[in-house]
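Asker: quick check, what structure comes out for this input:
(chains A, B, C and D)
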Number of protein chains: 2
Amino acid sequence: MGRPCGFDQDEALERALGVFWRLGYEGASLDDLCQAMGIGRQSLYNAYGDKRTLFLRCLRRYTERNEVALREHLGQVRPVQRAFAALFEQALGQPDERKRMGCFSINTGMELAPRDVEVGDLIARGQRMLEDVFTEALEAGAGRAELAPGSDCRALGRFLVGTLLGVTVLLKSDPRSPAPRAMVDVALQALAR
Amino acid sequence: MGRPCGFDQDEALERALGVFWRLGYEGASLDDLCQAMGIGRQSLYNAYGDKRTLFLRCLRRYTERNEVALREHLGQVRPVQRAFAALFEQALGQPDERKRMGCFSINTGMELAPRDVEVGDLIARGQRMLEDVFTEALEAGAGRAELAPGSDCRALGRFLVGTLLGVTVLLKSDPRSPAPRAMVDVALQALAR
DNA sequence: GTCTTACTTGACTGCACGGTCCAGAACGCA
DNA sequence: TGCGTTCTGGACCGTGCAGTCAAGTAAGAC
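Answerer: Presented below is the predicted three-dimensional model:
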């Protein structure tokens, strides 16, 4: 009833995510968002509430999409060492502009987690999710005898989460640095059987 | 000649660093800075130039101070494994409030490196410096036969830089997370002989 | 076809920010 | 003591921001 919404809310949310990812929460102005989303200010407020609410929806969207993509990738590739190697390789092989963007979740954690408990909680949940996905992939690998017997998959999973974080941050602040490459090479040896 | 500066510029710079560290570059207002530094706006501009110039001086001060402290620590403690273990242990043992602050250099790299080439360059230099300090400590350890023969100290140094980054970022976005502890434990095994 | 309801557009508001100006104060020097 | 120079404090300016308002518009309901 009444006039229907004149734009694709899902598509617009995706555009908003792109803006927040590139510019951060504070750095993205409503004008930036409206322009990228192709809608006016009031439409934005009608559809999503205020800026912060829109941001939280972007963050949830990003986390969920990442989870399914990761689960699919890690569930398919074998052995588990190759799955993680491919994951890191993909991060290392991105174009510089993309490296500069880093990971939206990490960016957000750095910018907002210390002063916004709700964001902090979402980020912490996301990290635990990542840890679980990694750990489960490792346990599956261990079940296929791809890892050394007695490997602590939870500890290895946490280690790999931290490694991915480190690599991403290194690449973001200096996309040409040789450090992340070396980091990955050394880190993957922890998975040798 | 003329009226002398009425405050300790070194001390005031330290206060400014504290504000930038806690709030970030954009997050720190001139009012925040003036209040923490105990001086007026005009005094700040007389002594340091504009906000960005003051920030760059803070960043340089931070990097230099970190370098000497690290060199001293890593040069003293032996074997080299214990030196790095102590370094990570110190990061893990900080109070939550301090964990939330993270590392000023990483914070800055995340916030400004993608859009400020001068900052980006300072950060990249800082990372290379850290890498060199770590590598030299490892080489000294290798010279004392503390590492496995044939160890690639440069690669290990880069790996440890990335590990420290990962741990710091994990602690910042979630000080109670068990992940950084596990990450350190696994990472230090790369130094086993 | 008209009426109700919701969406759209663009102007507007109040605020916080970085930076500047200016009048006055404090010190070194002669 | 008087002068020149520099520092100090507070008012001020222009800008960019998130969020609101009101008038106009388009679609579905009947």
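Asker: what helix or strand does A:Val119 sit in?
Answerer: helix A:117-143 (DSSP states H and E).
Asker: per-residue confidence averaged over the helix or strand just after that helix?
Answerer: Past helix A:117-143, further along toward the C-terminus, the next helix or strand under DSSP H and E is helix A:153-173. Averaging pLDDT along helix A:153-173 gives 98.
Asker: same check, this time on stretch A:104-118
Answerer: Mean predicted lDDT for stretch A:104-118 stands at 97.
Asker: near chain B at all, it?
Answerer: Yes. Contact of stretch A:104-118 with chain B (CB under 8 Å from any CB of the partner chain) involves A:Ile106, A:Asn107, A:Gly109, A:Met110, A:Glu111, A:Ala113, A:Pro114. Yep, even glycine has a C-beta here, placed from its N, CA and C like the rest.
Asker: highest neighbour count among those?
Answerer: A:Gly109 (27 neighbours; other CB atoms under 10 Å in any protein chain shown).
Asker: skipping adjacent residues, who's closest to that residue in space?
Answerer: Nearest residue to A:Gly109, sequence neighbours excluded (CB to CB, 6 or more residues apart in numbering or on different chains): B:Ser173, at 3.1 Å.
Asker: that neighbour and A:Cys103 touch, don't they?
Answerer: No. Here B:Ser173 lies out of contact with A:Cys103, judged by CB atoms under 8 Å, at a distance of 11.1 Å.
Asker: more neighbours: which of these two?
Answerer: B:Ser173 (26 against 20).
Asker: gap between that one and DNA strand C?
Answerer: 23 Å (CB to the nearest atom of the strand, to the nearest Å).
Asker: show me what from chain A comes close to DNA strand D.
Answerer: A:1-4, A:28-31, A:41-42, A:45, A:50-52 (CB under 7 Å from any atom of the strand).
Asker: neighbours of A:Leu44, how many?
Answerer: Look at A:Leu44: counted by other CB under 10 Å, it has 19 neighbours.
Asker: and A:Phe134, by the same measure?
Answerer: 26.
Asker: so which bits of chain A are right by DNA strand C?
Answerer: A:1-7, A:39-43, A:46-47.
Asker: hmm, the helix or strand hosting A:Ala69 touching chain B?
Answerer: Secondary-structure assignment from DSSP H and E places A:Ala69 in helix A:51-76. No. Helix A:51-76 stays clear of chain B (CB under 8 Å from any CB), getting no nearer than 12.4 Å.
Asker: same thing with stretch A:151-162?
Answerer: Yes. Against chain B, stretch A:151-162 shows contacts by CB under 8 Å from any CB at A:Arg154, A:Ala155, A:Leu156, A:Arg158, A:Phe159, A:Val161, A:Gly162.
Asker: which of the residues you listed sit farthest apart?
Answerer: A:Arg154 and A:Gly162 (12.9 Å; CB to CB).
Asker: more crowded one of these two?
Answerer: A:Gly162 (29 against 17).
Asker: I'd say that one and B:Val167 touch.
Answerer: Yes. Using CB under 8 Å, A:Gly162 is in contact with B:Val167, at 6.4 Å.
Asker: overlap in contacts of these two?
Answerer: B:Pro180, B:Met183 (CB atoms under 8 Å, 6 or more residues apart in numbering or on different chains).
Asker: before we move on, back to that, show the buried residues in the residues of chain A next to DNA strand D.
Answerer: A:Ala28, A:Lys51 (16 or more other CB atoms under 10 Å in any protein chain shown).
Asker: so which of the residues of chain A next to DNA strand D comes closest to A:Ala86?
Answerer: Using CB to CB, these come closest to A:Ala86 at A:Ala28, 31.9 Å.
Asker: excluding covalently adjacent residues, which one is nearest to A:Leu44?
Answerer: A:Cys34 is the one closest to A:Leu44 (CB to CB, 6+ apart), at 6.0 Å.
Asker: buried stuff in whichever helix or strand that neighbour is part of?
Answerer: Per DSSP H and E, A:Cys34 falls inside helix A:30-37. Within helix A:30-37, the residues that count as buried by 16+ other CB under 10 Å are A:Leu33, A:Cys34, A:Ala36, A:Met37.
Asker: can you show me the CA trace of that helix as CSV?
Answerer: Extracted as CSV, the C-alpha positions of helix A:30-37 are listed here (Å, rounded to 0.1, in the frame of the first residue of the first chain):
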residue,chain,number,x,y,z
LEU,A,30,26.0,10.8,3.9
ASP,A,31,26.6,12.6,0.5
ASP,A,32,29.2,9.9,-0.4
LEU,A,33,26.7,7.2,0.5
CYS,A,34,23.7,8.7,-1.2
GLN,A,35,25.7,9.3,-4.4
ALA,A,36,27.1,5.7,-4.5
MET,A,37,23.7,4.3,-3.6
